[in-house]
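Peer 1: Structure, please.
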Amino acid sequence: MGKCTCPNPFKMKKSDFIFWGAVILLFLPFFLSSNVYGFYKSFNHDHGMVTAFVKFAILATMGELIGLRIKTGEYIQAGFGILPRAMVWGFIGLTIKLAFMIFATGTPSFLAYMGMSDATTAMKGGFGTSKLIVAFSTSFAMNIIYAPVMMTFHKMSDIHIVSNGGTLRGFLKPMKPGKVMSEMNWQVMWGFVFKKTIPFFWIPAHTITFLLPPDMQVLFAALLGIALGTILAVAGK
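Peer 2: Numbering: from 1, shown residues only. Model prediction:
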């Protein structure tokens, strides 16, 4: 039996210190300066769609870089296409913000229609059984209806980016959906990404998300994008 040449993701390298040092420098001002944090809160409240794009473009792409590190031992690889991936994640961030607004409004209305009298007001009060039920139901509905579409789109864009050399010019070429979807590993998409990560990770994680104040929800979801990068790396292996 041949000796395994797989990269060891836990062996620290110089690039790890550079990467995590950059991450610390990115977030440090928000903890050290109340003015910076106050500006973020104000801008996020007034321009939620803009910040959704930026947060996902940065944080979810960061998750993919971590996933690449796990798979290959490197944060940067020829043809990976960091800028195209950031653009895709920014767009996905806009759809996630939209999905949050739709499901956070529609799910309580549906629960009230089904007989839960305090469903539409439960999220405004303190933590309790009703609030937990509404948060879980909102997460469940969003992850069953929206998440598979989003994950499929992300995988299609991933294949498109790689097949065009990871360049911005290649990314802007028209995608051929039929060809791209034929190249997807549907056994992994269904057996792992849909069947396991949605019920065992995303539904519980987004239940916590919907328990948070509205201005914090998209940021927390973007931070979960780091977890998504790791999950996709495991799926890839």
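
Peer 1: ok, Lys13 - contacts?
Peer 2: Contacts for Lys13 were tallied using Cβ atoms under 8 Å, 6 or more residues apart in numbering; they are Gly73. No exception for glycine: its C-beta is placed from N, CA and C like everyone else's.

Peer 1: same deal with Gly165?
Peer 2: With Cβ under 8 Å, 6+ apart, Gly165 has these contacts: 79, 81.

Peer 1: what kind of secondary structure is it in?
Peer 2: For Gly165, the assignment made with DSSP: H, G, I helix; E, B strand; the rest coil gives coil.

Peer 1: From His45, how far out is it?
Peer 2: 40 Å (Cβ to Cβ, to the nearest Å).

Peer 1: Phe17 too?
Peer 2: 35 Å.

Peer 1: what's the answer for Met181, then?
Peer 2: 39 Å.

Peer 1: Could you say which helix or strand holds the most centrally placed residue in the chain?
Peer 2: By Cα atoms, centre = their mean, the chain has its centre lying nearest to Gly225, at 3.1 Å. Taking DSSP states H and E as the criterion, Gly225 maps to helix 214-236.

Peer 1: Report the mean confidence score over that helix.
Peer 2: Averaging pLDDT along helix 214-236 yields 70.

Peer 1: what's the answer for stretch 78-86, then?
Peer 2: The model assigns stretch 78-86 a mean pLDDT of 89.

Peer 1: ditto for stretch 54-63
Peer 2: Average pLDDT, stretch 54-63: 87.

Peer 1: How far off centre is that stretch?
Peer 2: Mean C-alpha position of stretch 54-63 versus that of the full chain (Cα atoms, centre = their mean, to the nearest Å) differs by 8 Å.

Peer 1: which residues touch it?
Peer 2: Contacts of stretch 54-63 (Cβ under 8 Å, 6+ apart): 23, 26, 82, 85-87, 89-90, 92-93, 96, 218-219, 222-223, 225-230.

Peer 1: May I have that stretch exported as PDB, CA atoms only?
Peer 2: Taking C-alpha atoms only, stretch 54-63 is exported to PDB below (Å, rounded to 0.1, in the frame of the first residue of the first chain):
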ATOM      1  CA  VAL A  54     -19.900  42.900   1.600                       C
ATOM      2  CA  LYS A  55     -20.100  40.500   4.600                       C
ATOM      3  CA  PHE A  56     -20.700  37.400   2.500                       C
ATOM      4  CA  ALA A  57     -18.100  38.500  -0.100                       C
ATOM      5  CA  ILE A  58     -15.500  38.600   2.600                       C
ATOM      6  CA  LEU A  59     -16.500  36.100   5.200                       C
ATOM      7  CA  ALA A  60     -17.900  33.300   3.100                       C
ATOM      8  CA  THR A  61     -14.900  33.600   0.700                       C
ATOM      9  CA  MET A  62     -12.700  33.300   3.700                       C
ATOM     10  CA  GLY A  63     -14.500  30.100   4.500                       C
END
